[in-house]
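Q: With the input below, show me the fold.
(2 chains)
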Number of protein chains: 2
Amino acid sequence: MMVTVLINGAEQADASRAIDVNDRGLQYGDGLFETALVADRRVRFLDDHLQRLADGCERLGISMPDRQLLVAEIADVTASVPRGVLKIILTRGIGSRGYRPANDVPPTRVVALYPAPEESPRRALTLRWCEVRLARNARLAGIKHLNRLEQVLAQAEWHSADVQEGLMLDTEGELVSATAANVFVVRDGTLVTPDLRFCGVRGVMRGQVLRAAQRLGMAVSEEPLWPHHVACASEVFLTNSVRGIRSVGALVEHEWHEAPVADQLRAALGL
Amino acid sequence: MMVTVLINGAEQADASRAIDVNDRGLQYGDGLFETALVADRRVRFLDDHLQRLADGCERLGISMPDRQLLVAEIADVTASVPRGVLKIILTRGIGSRGYRPANDVPPTRVVALYPAPEESPRRALTLRWCEVRLARNARLAGIKHLNRLEQVLAQAEWHSADVQEGLMLDTEGELVSATAANVFVVRDGTLVTPDLRFCGVRGVMRGQVLRAAQRLGMAVSEEPLWPHHVACASEVFLTNSVRGIRSVGALVEHEWHEAPVADQLRAALGL
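A: I've put the predicted structure just below:
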């Protein structure tokens, strides 16, 4: 499944026995991650990913690893790989029991390479609304931390391959993002995306898209959006570092594939 | 640090190399845990802990391990131990990259024994208010899941040994709990504790205390509480499976131990 994995710089012969049971990443989700596309033997937007990781470290009070060290490890696992997905996990390290973080513990860094997904990036996506809501906590908004149960439960909601992603609202009903992508809508010619002041991840591709749109002279805005802004948008797309910019073709509210009660009543009434 | 650890029933010679880097507990905090006191060679309130774990499994869609198997493993690590802390971690198992949970993957179960903390349980606690708020998400309320960044950040807020715990509010300002304990206040002779409808953990000791109070004929209530309910309570205590019932002696708003600017101005003005 994985091509290579380094933990604190050491290549793992056995990735199935690699992490300390007392690692705070496992114990509390106490850490951060990054997922980046490797294409043509280089990591796309690596500077942006490292900057977001550094921002997350500052917010959580985790020591950011030395940049040169991290870049060298990334080069190591991506060397001679034409295409793949780079995943970095940075946890607060190995702790004793209890929530309180120790000051003197080095973080655990995982640098791993996975195969790239097979995608047809031009095909328009079909989306649904997720039942699971995102909790609001400005303290954790924007960063890519390891507390991702809401996204896991959201993706567990549907199984149809006809639906590729789900849109998520926060607990007050504001639009935040898809489960694993940011969302943009075009409204009266302006490109608008949720401002993520309470929750959601500030995607690297989201930032690239905002800056590219400005360079192209488009009107852009980050602001609170609600479900009706999706329905009345002239265009909707999702952004994600691995999948790029994916246009949305349809939003399904609900589909009923079987109607056994109506069928039974129709039969009973000879209709 | 740990006395014994079993992973999926197997005793680990090296707990520092025990967990798969692709375990969803590490990747997304996708799992649950329990922490119980071992005293006089038995696990206190084991049935309650296993019931909460089973409730959490149902809420997250994780398969609860066979009860007899789990009880046997717990007996194994706690055998001949007069006193300690039992920790169970149950994750959704080893996954491929991406939030979507697979259906056919067995959960990872960790059963570990740690030393019990040295405590003077009768000493009244000094508490503070935490700055970090708890996000509201009814979907995750009550269960003891692995997404605990808020508690980690809250405990990182203070370093004074004079303060032993911090009270936490949710993002709307309601009282929820301490960082690692439930909270009870006595108001006009009634024992009241937050109802935890939006966040917080339904502690095993909290449940035991509610039932014991009813048996004793006390008036009890689970309802929304706000910070002023703490200030005007005739008595406040915290409950936790390991630490039992701990009375609160004081709640400090803020203490300033140094005043360098005032010192400098006093000196400048010869005061």
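Q: Could you report the pLDDT at the residue in chain A that chain B sits nearest to?
A: Using C-beta to the nearest C-beta, the closest approach of chain A to chain B is made by A:Gly29 at 2.8 Å. For glycine as for every other residue, the C-beta is placed from the backbone atoms N, C-alpha and C. On the pLDDT scale, A:Gly29 is placed at 98.
Q: repeat for A:Ala259
A: pLDDT, A:Ala259: 68.
Q: For A:Leu37, give the beta-bridge partners.
A: A:Val85 (DSSP bridges).
Q: Let me see the contact set for the closest residue to A:Pro65 other than its chain neighbours.
A: Closest residue in space to A:Pro65, ignoring its immediate chain neighbours: A:Arg109 at 5.5 Å, by C-beta to C-beta, 6 or more residues apart in numbering or on different chains. Residues in contact with A:Arg109 (C-beta atoms under 8 Å, 6 or more residues apart in numbering or on different chains) are A:6-9, A:65, A:70, A:73, A:88-90.
Q: Likewise for A:Arg97?
A: By C-beta under 8 Å, 6+ apart, the neighbours of A:Arg97 are A:22, B:1, B:35, B:85, B:87, B:114.
Q: switch the cut-off to 7 Å
A: If you count contacts by C-beta atoms under 7 Å, 6 or more residues apart in numbering or on different chains, A:Arg97 has them with B:85, B:87, B:114.
Q: A:Gly189: how many residues sit nearby?
A: Here the number of neighbours of A:Gly189 (other C-beta atoms under 10 Å in any protein chain shown) works out to 8.
Q: Equivalent analysis for A:Val38, please.
A: 23.
Q: and if you look at A:Gln264?
A: Around A:Gln264 there are 10 residues (other C-beta under 10 Å).
Q: Give me the helices and strands touching the helix or strand where it lies, please.
A: A:Gln264 is part of helix A:260-268, with elements assigned from DSSP states H and E. Packing contacts for helix A:260-268, counted by 3 or more C-beta pairs under 7 Å, 6 or more residues apart in numbering or on different chains; DSSP states H and E, involve no helix or strand.
Q: Return the distance of it from the chain's centre.
A: From the chain centre to the centre of helix A:260-268 is a distance of 44 Å (C-alpha atoms, centre = their mean, to the nearest Å).
Q: before we move on, what SS does A:Gln51 have?
A: helix (DSSP: H, G, I helix; E, B strand; the rest coil).
Q: and the nearest residue to A:Ser234 once chain neighbours are set aside, what is it in contact with?
A: Sequence neighbours aside, A:Val186 is the residue nearest to A:Ser234 in space, at 4.9 Å (criterion: C-beta to C-beta, 6+ apart). Listed by C-beta under 7 Å, 6+ apart, the contact partners of A:Val186 are A:233-235.
Q: Narrow the residues you listed to those in strands?
A: Taking DSSP state E as the definition of strands, those contribute A:Glu235.
Q: which of the contacts of A:Val186 has the most neighbours?
A: Taking other C-beta under 10 Å as the neighbour criterion, A:Ala233 ranks highest of the contacts of A:Val186 with 19 neighbours.
Q: ok, that residue touching A:Asp188?
A: No - counting by C-beta atoms under 7 Å, A:Ala233 does not reach A:Asp188; the two are 9.7 Å apart.
Q: Need the pLDDT of the closest residue to A:Pro115 other than its chain neighbours.
A: The shortest distance from A:Pro115 to any non-neighbouring residue, by C-beta to C-beta, 6+ apart, is to A:Gly84 (6.0 Å). For A:Gly84, the pLDDT comes out at 95.
Q: What of A:Asp162?
A: 89.
Q: ok, now the one 5 residues further on?
A: Looking at A:Leu167, its pLDDT stands at 97.
Q: picking that back up, could you dump the contacts of A:Val186 into a markdown table with pLDDT added?
A: Shown next, in a markdown table, are the contacts of A:Val186 (pLDDT from 0 to 100):
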| residue | pLDDT |
| --- | --- |
| A:Ala233 | 88 |
| A:Ser234 | 88 |
| A:Glu235 | 91 |
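Q: What are the boundaries of the helices in the stretch 151-271 of chain A?
A: Ranges of helices in the stretch 151-271 of chain A, per DSSP state H, counting those that start in this stretch, are A:204-215, A:227-231, A:260-268.
Q: most packed of those?
A: helix A:204-215 (a mean of 17; mean count of other C-beta atoms under 10 Å in any protein chain shown).
Q: coming back round to it: bridging residues for the residue nearest to A:Ser234?
A: For A:Val186, the residues forming beta bridges with it (DSSP bridges) are A:Leu191, A:Glu235.
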